[in-house]
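1. coordinates for the following, if possible.
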Amino acid sequence: MHLLLTSGGITNPSIRDALVELLGKPIAESRALLIPTAMWGHPNCGPTFVRGSVTGAPPWHMPSLGWESVGVLELTALPTVGEEQWVPWVREADVLLVDGGDATYLSHWMRQSGLFDLMPSLPDTVWVGVSAGSMVMTPRIGDDFVSWPSAPDDRTLGVVDFSIFPHLDHESMPENTLANAESWAAGIEGPSYAIDEQTAIKVANGTTEVISEGHWKAFPA
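-> From the prediction side, this is the model:
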């Protein structure tokens, strides 16, 4: 899959241009599926957050970018539906919009639902992650970002070889400072990035590129 890993979504023209490049066609000609699953695993989220994500109500905006169509894919439901029904839905989508919440919960349901196993057969599909929807693709997220009580540890899917500290210097998250990001990175034992809401990491064809109109910092292993 092509990955566009963000902290806050498609927040500026540079990130939007990167999305269109990965899609290979205009947003208006692209079919999207929104995955809100990670929200159920975070104590600060819940039904109203999921509704906001799905409807594109402020501050959520992913469904409102002008897609040809938008559907909802709830991973917790897929094991009861059967692959013969949901796999075609995924294959027909051009992009998966994966919202935030708890990355370990999302990682669990990526595996339980079968979507993780399907990913290698989706080379042209674009994955757009927001916060935990981006962090789930990394090897580890750090203990401070684990909110799901049933998480065995901070490990996630490991699709990429770096970790992500999101929401850098966000006004509603005073703890997400650069100093705390540096401390977090020291405990990750691998390369990582701290990114703000105006930054994304694009991963395609074996190349990783930071797209930013804001600020970010890379931490080597």
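
2. for the helix or strand residue 128 falls within, which strands pair with it and how are they oriented?
-> In the assignment (DSSP states H and E), residue 128 maps to strand 126-130. Applying DSSP bridges, strand 126-130 is found paired with strand 2-6 (parallel), strand 95-98 (parallel).

3. among these, which is nearest residue 13?
-> Comparing those by their distance to residue 13 (CB to CB), the top pick is strand 2-6, with 13.8 Å. To be clear about C-beta, it is placed using only N, CA and C from the backbone, and glycine gets the same treatment.

4. same for whatever helix or strand comes next after the closest one, what does it pack against?
-> Moving toward the C-terminus from strand 2-6, the next helix or strand (DSSP H and E) is helix 13-23. Contacts defined by 3 or more CB pairs under 8 Å, 6 or more residues apart in numbering; DSSP states H and E place helix 13-23 against strand 2-6, strand 126-130, strand 199-204, strand 207-212.

5. can I get the ones you listed in CSV with distance to residue 111?
-> Shown next, in CSV, are the helices and strands packed on helix 13-23 (distance: least, CB to CB, whole Å):
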stretch, distance to residue 111
strand 2-6, 18
strand 126-130, 16
strand 199-204, 20
strand 207-212, 24
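
6. out of the ones you listed, which comes closest to residue 67?
-> When the helices and strands packed on helix 13-23 are ranked by proximity to residue 67 (CB to CB), strand 126-130 comes first, at 11.2 Å.

7. how about low-confidence regions in the protein?
-> Counting by pLDDT under 70, the chain contains no low-confidence segment.

8. if we can go back for a sec, out of the helices and strands packed on helix 13-23, flag the one nearest residue 65.
-> strand 126-130 (9.7 Å).

9. identify the residues contacting the closest one?
-> 1-10, 19, 22-23, 62, 94-100, 135-137 (CB atoms under 8 Å, 6 or more residues apart in numbering).

10. any idea how far residue 55 is from residue 79?
-> 26 Å (CB to CB, to the nearest Å).

11. so what's residue 73 closest to, chain neighbours aside?
-> Leaving aside its sequence neighbours, residue 73 sits nearest to residue 33 (CB to CB, 6 or more residues apart in numbering; 4.4 Å).

12. now for the one you found, how many residues are close by?
-> 21 (other CB atoms under 10 Å).

13. and residue 95, by the same measure?
-> For residue 95, using other CB under 10 Å, the count is 25.

14. helices of this structure, start to end?
-> Applying DSSP state H to the chain gives helices spanning 13-23, 47-55, 78-81, 83-92, 103-113, 115-118, 132-135, 178-186.

15. by contact count, what packs against the second one?
-> Based on contacts counted as 3+ CB pairs under 8 Å, 6+ apart, there is no element that helix 47-55 packs against.
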